[in-house]
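Participant: below are the sequence and a predicted model for it; my questions follow.
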Number of protein chains: 2
Amino acid sequence: MNEANVRETKDRILDAAERLFALHGIEATSLRQITSDAKVNLAAVNYHFNSKDELVRSVYSRRIRPMNESRLARLQTLETNEASTLESILEAFYEPTIDMALSLQNHGFTIGQMMGRLYTEPHGAMQSLIVTEMGEVARRFALALARTLPHLSQREVFWRLHFTIGMLAHTMAAGEKLKHLSHGLINPHDKQEVLRQMINYARAGLSAPSLEPAP
Amino acid sequence: MNEANVRETKDRILDAAERLFALHGIEATSLRQITSDAKVNLAAVNYHFNSKDELVRSVYSRRIRPMNESRLARLQTLETNEASTLESILEAFYEPTIDMALSLQNHGFTIGQMMGRLYTEPHGAMQSLIVTEMGEVARRFALALARTLPHLSQREVFWRLHFTIGMLAHTMAAGEKLKHLSHGLINPHDKQEVLRQMINYARAGLSAPSLEPAP
DNA sequence: TCCACAATCAAACCAACGTATGAATGAAGC
DNA sequence: GCTTCATTCATACGTTGGTTTGATTGTGGA
């Protein structure tokens, strides 16, 4: 078989799995649904990915990796140019995810919903994925925030970074539903609007006065 | 059979289901696990709840309902006393959930994790639960926030309420894991600390300047 | 005392699951 | 033109899922 064909088979599986995981969750999605959607043979999953568990991991890391590379590259650029403001750090953190969620080939907010569930999916594979794939990013952005907010303790920086991530996860997980929940007030496909509202809220939250007495 | 015994059977099922849903998710939890944990017969679930789907709904609404009643009662008190500040509104919104998550009989953050997953669980029963059980609360708190932040448009109030809910959901879903992720810096069982940090961030976020030109 | 009936129980049903197997296929290298 | 080998395929395996059944139990009311 041609190498391009193998790529195509694996990608078709990943694409279908991604769509179905986002729509119904990991546990509720069967390999038979995936392979029938992807128009490949049932056995192809175990042939190319060994198990459903490893397929799950592949589905997630295929998207998380380039997203986090973009985050770190943007943060690096900010720091070498000594241009780290709170807004620019938040933009470096938020924008890669939003770009991914609203990317052209992504018809129905698929990747976004999947990413939004990264922290809440009870599936065993997730716990290790969060540490493995997100650990470096969390550490680097915590440092960047601490440098920009020197009056905060480590604890407070962690709390606020946690909330900042939560806003993103919740927004991604809501996806299309935001339109209905807001009775049409909000258009979750308007990237600039989403980004501005998130950064505006998070910037203020992160800048809130410290709750601890000055040292 | 005694009515108290029936209550006990139903409650035992609800308790076990709640614990297992929080731990492994809805789809990954079988009725056999639940009934064996609850020490009741397998058929008891379908006898008392008709189906797994209705059991799921019962598990959630048993906790959501008193929580939301408390929220609305507290908001009502604030408004009749004309004591609605941003802090007090946020407290009325956040505290009932945190109280529930940290309640004594709740050994392992069970209810909290379950609540944190309310918005991300892909299970069909959730979509209707969110609208049915949370609709009134969202509407009432949106109004209260709009009154306290009169310079904001409806759209901006919605965005910010959405973020404010996201912070809570993300914190609840993280539960115990917050301790590990923060390398011991944070104690998620310290109710006052959790509440103060959340309110401090959310108050600032909600108070951020409007992004729209003044009318 | 006995009836009525809500509640419990062991057992079965069948569909769907993840995974494994061995044969079929077909492009690449000699 | 033949062999090799990665890939695809139809099919089967054993397990587990939610739900149903019909018998059994035991308590409250007549």
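Facilitator: That came through, no problem.
Participant: pull out the buried positions in the top helix by length along chain A.
Facilitator: Longest helix in chain A, counting residues (DSSP state H): helix A:52-80. For helix A:52-80, a neighbour-count test (16 or more other C-beta atoms under 10 Å in any protein chain shown) marks A:52, A:55-60, A:63-64, A:67-68, A:70-71, A:74-75, A:78 as buried. (C-beta placed from N, C-alpha, C; glycine too.)
Participant: pLDDT wise, what is the closest residue to DNA strand C within chain A at?
Facilitator: Proximity of chain A to DNA strand C (C-beta to the nearest atom of the strand) peaks at residue A:30, 3.0 Å away. Residue A:30 is assigned 98 on the pLDDT scale.
Participant: that one and chain B, how far apart?
Facilitator: 11 Å (C-beta to the nearest C-beta, to the nearest Å).
Participant: distance of that residue from DNA strand D?
Facilitator: 11 Å (C-beta to the nearest atom of the strand, to the nearest Å).
Participant: got it, and residue A:212?
Facilitator: The value you get for residue A:212 to DNA strand D, if C-beta to the nearest atom of the strand is used, is 47 Å.
Participant: what does residue A:209 give?
Facilitator: Taking C-beta to the nearest atom of the strand, one finds residue A:209 at 49 Å from DNA strand D.
Participant: report the contact partners of that residue.
Facilitator: Residues in contact with residue A:209 (C-beta atoms under 8 Å, 6 or more residues apart in numbering or on different chains) are residue B:200.
Participant: hang on, the earlier thing: give me phi/psi at the residue of chain A closest to DNA strand C?
Facilitator: phi -100, psi 160 (degrees, to the nearest 10).
Participant: give me the number of residues near it?
Facilitator: 13 (other C-beta atoms under 10 Å in any protein chain shown).
Participant: next one: residue A:41
Facilitator: 11.
Participant: that one: what secondary structure?
Facilitator: coil (DSSP: H, G, I helix; E, B strand; the rest coil).
Participant: quick one: average pLDDT of stretch A:191-208?
Facilitator: For stretch A:191-208, the per-residue pLDDT averages 98.
Participant: following the helix or strand bottoming out on mean pLDDT in chain A, which helix or strand comes up?
Facilitator: Ranked by mean pLDDT, DSSP states H and E, the weakest helix or strand in chain A is helix A:3-24, scoring a mean of 88. Per DSSP states H and E, helix A:3-24 leads on to helix A:31-38 as the next helix or strand towards the C-terminus.
Participant: chain center to that following helix, what's the gap?
Facilitator: 24 Å (C-alpha atoms, centre = their mean, to the nearest Å).
Participant: list the helices and strands it packs on?
Facilitator: Identification of packing neighbours for helix A:31-38 by 3 or more C-beta pairs under 8 Å, 6 or more residues apart in numbering or on different chains; DSSP states H and E yields helix A:3-24, helix A:43-49.
Participant: out of these, which is closest to residue B:151?
Facilitator: helix A:3-24 (37.0 Å; C-beta to C-beta).
Participant: mind listing what's buried in the closest one?
Facilitator: Applying 16+ other C-beta under 10 Å to helix A:3-24 flags A:9-10, A:12-22, A:24 as buried.
Participant: same question, stretch A:150-162
Facilitator: Per 16+ other C-beta under 10 Å, stretch A:150-162 contains these buried residues: A:152, A:155, A:156, A:157, A:158, A:159, A:160, A:161, A:162.
Participant: and of those, the nearest to residue A:129?
Facilitator: For the buried residues of stretch A:150-162, the nearest to residue A:129 is residue A:162 (17.7 Å; C-beta to C-beta).
Participant: make CSV out of the helices and strands packed on helix A:31-38 and add distance to DNA strand C.
Facilitator: As requested, the helices and strands packed on helix A:31-38 are exported to CSV (distance: least, C-beta to the nearest atom of the strand, whole Å):
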stretch, distance to DNA strand C
helix A:3-24, 8
helix A:43-49, 4
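Participant: residue B:126 is nearest to which of the ones you listed?
Facilitator: So among the helices and strands packed on helix A:31-38, helix A:3-24 is nearest, using C-beta to C-beta, at 11.7 Å.
Participant: packing partners of the closest one?
Facilitator: Helix A:3-24 packs on helix A:31-38, helix A:43-49, helix A:52-80, helix A:110-116, going by 3+ C-beta pairs under 8 Å, 6+ apart.
Participant: done for today, thanks.
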